[in-house]
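K.L.:
sequence and predicted structure are below.
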Amino acid sequence: MSNLYWLTEAQMQRLRPLFPKSRGRARVDDRRVLSGIIFLNRNGLRWCDAPAEYGPPKTLYNRWKRWSDMGVFARIMMGLAEQAPDNKTISIDATYLKAHRTASSLRLKKGGGGRLIGLTKGGMNTKLHAIPDTSGRPIRLFITAGQVSDYTGAAALMNGLPEAEWLLADRGYDADWFRETLVDKGTKPCTPGRKSRKKTIKYDKRRYKRRNRIERMFGRLKDWRRVATRYDRSPTVFLSAIALAATVIFWL
């Protein structure tokens with residue numbers, strides 16, 4: 001069984017303070033269950049395909065769904081990120097994540113909040129907006145429907161923006177309100193101006209080259225099949241899959 005564990009005991013020691021407290025009956029072995037959840041998310045498998053060593057598939061699914069609805073996985077990622085801040089130069093960007101037909105099929109229940117899936121030139125997609133730290137590790141994540149502009153994602157992330165000296169962004173984020181908001185927060189924008197601007201925007205070209213770290217971050221997240229292709233109908237559960245991948249890849 002040891003070779004099937006995705007988490008070492010040392011990593012579990014870091015995670016346990018961020019777990020929700022168990023009430024009533026003691027939880028099934030956290031290390032075993034989380035290893036099974038990671039295995040299924042990493043490989044994009046159905047819950048019934050879980051190896052028997054991880055325990056009953058229903059136990060894995062119930063833990064995954066309950067903790068996802070509670071926002072536990074997102075809090076774990078942010079909690080670990082806050083323990084080792086490296087926010088001198090942060091970045092912002094967005095990427096498309098293909099939605100499988102199982103995620104967008106069937107009608108929504110009346111009064112539902114939507115699945116955050118939209119039609120783009122590439123088909124049905126969800127857009128992931130992210131802010132990584134200086135080392136390219138994600139510290140803030142936000143998802144919208146695929147057709148939503150980068151501005152919308154940027155506006156949603158601005159309130160939780162950490163203190164930073166610089167923020168790198170491509171010209172898709174070139175807007176006066178965006179630059180002014182950053183300056184008000186004490187952060188210097190490093191963003192080239194749109195070609196339609198009459199006045200040339202000066203920016204640090206040498207520093208701007210570091211923006212490739214966010215592209216590498218997206219590439220590593222998409223190594224997880226349940227992130228690269230969205231199978232989950234619930235946006236909360238899908239965001240949990242992204243946060244879990246970010247935690248295992250970058251923060252443990």
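P.N.:
Sure thing, it's come through.

K.L.:
just confirm I139 is within a helix.
P.N.:
No - the assignment for I139, made by DSSP: H, G, I helix; E, B strand; the rest coil, is strand rather than a helix.

K.L.:
need the contact list for the residue lying closest to it once chain neighbours are set aside.
P.N.:
Nearest residue to I139 in three dimensions, chain neighbours excluded: A81, at 4.6 Å (Cβ to Cβ, 6 or more residues apart in numbering). For the C-beta atoms, the positions are set from N, CA and C on the backbone; glycine is no exception. Contacts for A81 (Cβ atoms under 8 Å, 6 or more residues apart in numbering) come out as 133, 137-139, 251.

K.L.:
could you measure S135 against D86, distance?
P.N.:
According to Cβ to Cβ, to the nearest Å, S135 stands 5 Å off from D86.

K.L.:
neighbour count for these two, which is higher?
P.N.:
Higher neighbour count among S135 and D86: D86, with 16 against 12, using other Cβ atoms under 10 Å.

K.L.:
any chance of TSV for the contacts of A81, columns pLDDT?
P.N.:
Shown next, in TSV, are the contacts of A81 (pLDDT from 0 to 100):
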residue	pLDDT
D133	95
R137	96
P138	96
I139	95
W251	96
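
K.L.:
which of these lies closest to F238?
P.N.:
P138 (15.0 Å; Cβ to Cβ).

K.L.:
and the pLDDT for the closest residue to the closest one other than its chain neighbours?
P.N.:
Spatially, and ignoring its direct neighbours in sequence, P138 is nearest to A246 (4.6 Å; Cβ to Cβ, 6+ apart). At A246, the pLDDT value in this model is 98.

K.L.:
low-confidence regions, the chain specifically.
P.N.:
Within the chain, the set of residues satisfying pLDDT under 70 comprises 1-2, 24, 105-113.

K.L.:
what about T126, how many residues nearby?
P.N.:
27.

K.L.:
can you check the one 5 residues further on too?
P.N.:
Counted with other Cβ under 10 Å, the neighbours of I131 add up to 25.

K.L.:
over to P17?
P.N.:
8.

K.L.:
check T200 too.
P.N.:
T200 has 8 neighbours, counted by other Cβ under 10 Å.

K.L.:
same check, this time on the one 10 residues further on
P.N.:
For R210, the number of neighbouring residues by other Cβ under 10 Å comes to 16.

K.L.:
F142 too?
P.N.:
For F142, using other Cβ under 10 Å, the count is 19.

K.L.:
run through the bridge partners of it.
P.N.:
Counting by DSSP bridges, F142 forms beta bridges with H129.

K.L.:
pull out the buried positions in stretch 230-237.
P.N.:
Using 16 or more other Cβ atoms under 10 Å as the test for burial, stretch 230-237 gives 230-233, 235-237.

K.L.:
endpoints of it, how far apart?
P.N.:
Using Cα to Cα, to the nearest Å, the end-to-end distance of stretch 230-237 comes to 10 Å.

K.L.:
what's that stretch in contact with?
P.N.:
Stretch 230-237 is contacted by residues 44, 64-65, 68-69, 71, 97-100, 102-104, 106, 114-117, 126, 143, 226, 238, 241 when judged by Cβ under 8 Å, 6+ apart.

K.L.:
in helices, which of these fall?
P.N.:
When DSSP state H is applied, these are split such that 64-65, 68-69, 102-104, 226, 238, 241 fall in helices.

K.L.:
am I right that V148 sits in a strand?
P.N.:
No - V148 is assigned coil when assessed by three-state DSSP, not a strand.

K.L.:
what ranges does the stretch 1-150 of the chain have for its strands?
P.N.:
For the stretch 1-150 of the chain, applying DSSP state E, counting those that start in this stretch gives strands covering 89-91, 93-99, 118-120, 123-132, 138-145.

K.L.:
out of these, which comes closest to S35?
P.N.:
When these are compared by Cβ to Cβ, strand 138-145 sits nearest S35, at 21.7 Å.
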